[in-house]
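[1] coords please:
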Amino acid sequence: MFQKPLIVLLGVGVLWKGADLARAPHDRVLRFLVSSLLLLMGGEVLSFREVNAAIDRATTAGVGKLVFNEVYLSGLFALLMVFVCATPGPNAEFRRHLRLNAGLLAGVLSILVIAMLATPSGMRGHSLGTPHMAQPPIASFYIVGNSYFVYAYLACGLWALRYARRASRHLGLGLLSMGLGLLGLTITSVDRLVLVALRIDAPGSHQAFNTVNWSLSEWSMGVVLVGICYTGVVQLVTRVRSVAYHRRMYHELAPLWGALTAAYPELVLNRQPSESRWRSARRSRSHERRFYRRLIECRDGLVRLSPYLKRVAPDADLARAPAGQLARHITEALAVKPPTESPHTELPAALVASPAGSDLGADAQELIALSHALRERTS
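    I've put the predicted structure just below:
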């Protein structure tokens with residue numbers, strides 16, 4: 001019921017976070033996150049009976065089931081490492097977790113391969129309903145595989161709940177839903193272990209128990225899906241609002257920035273012409289970076305212009321003067337500034353448009369007010 005929407009959602013996540021990874025290829029959390037999304041999406045596709053059967057027809061019986069488990073379990077390992085990477089701590093602690101979990105995964109995957117090879121060829125198309133559950137290789141396949149499912153779901157669920165307590169309200173709700181869904185999937189994996197034990201003594205029995213457990217698994221996956229959707233929507237809304245906010249402020253600084261960079265064009269950092277197209281796209285500035293760069297260029301321009309501001313307004317308090325008064329002084333200073341300044345002339349700088357607060361937002365608001373006043377004066 002929830003499998004196809006989950007595949008679509010995981011695909012969107014691969015594209016979204018894959019684009020972020022292209023811009024930050026050394027980000028360890030993003031590398032594991034994209035790997036996890038890609039592997040889990042592949043695992044969900046491989047879990048369809050039609051896909052499993054097609055793989056078996058192209059190879060031999062049991063390969064489809066084996067490939068599904070190997071891909072999906074690897075995706076859960078990568079998801080677990082996302083939570084581990086996102087936790088602040090020494091690099092040695094991360095490496096310890098990585099070695100432990102990679103070794104555990106390698107051991108589980110190896111046992112699954114050995115168990116499948118040890119299964120008679122006529123029985124390799126087995127499932128939980130097989131009448132041959134008492135066969136040691138078949139029982140081992142399900143016991144070992146589901147034991148890892150229990151471990152991975154439980155660990156990821158506990159990590160998600162831990163982060164939910166620390167996150168903001170909206171993001172915490174999404175993580176809480178994910179954590180509860182993962183704990184539900186943990187229960188269903190335990191139930192499958194119980195079912196395997198029951199069917200060793202009574203092959204093909206307890207079908208009602210399996211049906212109920214399958215329904216619980218579907219609903220748990222739905223809860224995880226809701227958590228992922230909610231978290232993704234929160235991140236998307238936050239991102240869109242941030243982009244819109246910084247884009248608006250970027251354009252509001254244009255009058256001040258244009259006047260200052262016309263006088264001091266060397267303030268603008270130009271991209272190297274020899275830079276490759278791929279490298280240029282990967283390193284292209286986001287709206288936030290473009291805004292902060294413009295903010296810095298405006299502040300640098302005011303520092304360069306401040307000696308001429310002192311010359312045209314020797315008695316003015318340039319640090320605390322109203323925006324309208326400063327805009328008039330800037331216009332006058334730009335008029336008296338020579339087109340070419342001697343590099344040997346030392347001009348004392350002065351503080352201009354000092355913000356009331358010490359944060360970057362206060363500085364931005366101060367310069368935006370000055371930019372508005374300058375635009376009104378020159379329009």
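[2] what packs against the longest helix along the chain?
    Longest helix in the chain, counting residues (DSSP state H): helix 207-252. On a contact count with 3 or more CB pairs under 8 Å, 6 or more residues apart in numbering; DSSP states H and E, helix 207-252 meets helix 3-23, helix 169-201, helix 287-312, helix 360-378. Yep, even glycine has a C-beta here, placed from its N, CA and C like the rest.
[3] would CSV of the ones you listed with distance to P136 and mean pLDDT be doable?
    Converted to CSV, the helices and strands packed on helix 207-252 look like this (distance: least, CB to CB, whole Å; pLDDT from 0 to 100):
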stretch, distance to P136, mean pLDDT
helix 3-23, 31, 86
helix 169-201, 10, 90
helix 287-312, 59, 89
helix 360-378, 65, 89
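[4] in TSV: those, plus distance to Q235 and mean neighbour count.
    Below are these laid out as TSV (distance: least, CB to CB, whole Å; neighbours: other CB atoms under 10 Å):
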stretch	distance to Q235	mean neighbour count
helix 3-23	9	15
helix 169-201	8	19
helix 287-312	15	18
helix 360-378	22	17
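[5] redo those helices as a markdown table? Include distance to V63.
    A markdown table is the format used below for those (distance: least, CB to CB, whole Å):
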| stretch | distance to V63 |
| --- | --- |
| helix 3-23 | 21 |
| helix 169-201 | 21 |
| helix 287-312 | 48 |
| helix 360-378 | 57 |
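[6] ok, which of the ones you listed comes nearest P348?
    Of all the helices and strands packed on helix 207-252, helix 287-312 sits nearest to P348, with 6.0 Å by CB to CB.
[7] next secondary structure after the closest one?
    Sequence-wise, the next helix or strand downstream of helix 287-312 (DSSP states H and E) is helix 323-336.
[8] so where is the stretch 201-350 of the chain shaky, pLDDT-wise?
    Low-confidence segments of the stretch 201-350 of the chain, defined by pLDDT under 70: 269-285, 342-347.
[9] let's see that with 90 instead.
    Within the stretch 201-350 of the chain, the ranges that satisfy pLDDT under 90 run 201-243, 264-290, 304, 307-308, 311-321, 336-350.
[10] hmm, who's touching stretch 168-186?
    The contact list for stretch 168-186 (CB atoms under 8 Å, 6 or more residues apart in numbering) reads 149-150, 153-154, 156-161, 163-167, 216-217, 219-232, 234-235.
[11] report the backbone C-alpha coordinates of that stretch in PDB.
    Extracted C-alpha coordinates of stretch 168-186, given in PDB (Å, rounded to 0.1, in the frame of the first residue of the first chain):
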ATOM      1  CA  SER A 168      13.100  22.300  16.500                       C
ATOM      2  CA  ARG A 169       9.400  21.600  17.000                       C
ATOM      3  CA  HIS A 170       8.500  20.900  13.400                       C
ATOM      4  CA  LEU A 171      11.600  18.900  12.500                       C
ATOM      5  CA  GLY A 172      11.200  17.100  15.800                       C
ATOM      6  CA  LEU A 173       7.700  16.000  14.900                       C
ATOM      7  CA  GLY A 174       8.900  14.500  11.700                       C
ATOM      8  CA  LEU A 175      11.800  12.600  13.400                       C
ATOM      9  CA  LEU A 176       9.400  11.400  16.100                       C
ATOM     10  CA  SER A 177       7.200   9.900  13.500                       C
ATOM     11  CA  MET A 178      10.100   8.300  11.700                       C
ATOM     12  CA  GLY A 179      11.400   6.900  15.000                       C
ATOM     13  CA  LEU A 180       8.000   5.400  16.000                       C
ATOM     14  CA  GLY A 181       7.700   3.900  12.500                       C
ATOM     15  CA  LEU A 182      11.100   2.300  12.700                       C
ATOM     16  CA  LEU A 183      10.300   0.900  16.100                       C
ATOM     17  CA  GLY A 184       7.200  -0.600  14.600                       C
ATOM     18  CA  LEU A 185       9.300  -2.200  11.900                       C
ATOM     19  CA  THR A 186      11.600  -3.500  14.600                       C
END
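[12] quick one: V113 from E70, how far?
    8 Å (CB to CB, to the nearest Å).
[13] more neighbours: which of these two?
    E70 (19 against 14; other CB atoms under 10 Å).
[14] now the more buried one: which helix or strand?
    Judged by DSSP H and E, E70 forms part of helix 63-85.
[15] angle of that helix against helix 169-201?
    Calculated by axes from the mean of the first three to the mean of the last three CA atoms, to 10 degrees, helix 63-85 forms an angle of 140 degrees with helix 169-201.
[16] got the angle for helix 63-85 vs helix 3-23?
    50 degrees.
[17] helix 63-85 - what's its average pLDDT?
    Throughout helix 63-85, pLDDT has a mean value of 92.
[18] for the helix or strand that that helix is followed by, name the packing helices and strands.
    Using DSSP H and E, the helix or strand that directly follows helix 63-85 along the chain is helix 91-118. With contacts defined as 3+ CB pairs under 8 Å, 6+ apart, helix 91-118 has these neighbours: helix 63-85, helix 136-166.
[19] tally of neighbours for the closest residue to A321 other than its chain neighbours?
    Leaving aside its sequence neighbours, A321 sits nearest to H329 (CB to CB, 6 or more residues apart in numbering; 7.4 Å). Using other CB under 10 Å, H329 is surrounded by 20 other residues.
[20] kindly report the same for M41.
    M41 has 21 nearby residues by other CB under 10 Å.
[21] thought it was touching G11?
    Yes: applying CB atoms under 8 Å, one finds M41 in contact with G11, separated by 5.8 Å.
[22] state the distance from P203 to I138.
    To I138, P203 is 10 Å away according to CB to CB.
[23] same thing with D359?
    From D359 to I138 the distance is 64 Å (CB to CB).
[24] repeat that for E252.
    Counting by CB to CB - E252 and I138 are separated by 68 Å.
[25] in terms of neighbours, single out the busier of these two.
    I138 (24 against 20).
[26] what sits against the more buried one?
    115, 119, 123, 126, 130, 132.
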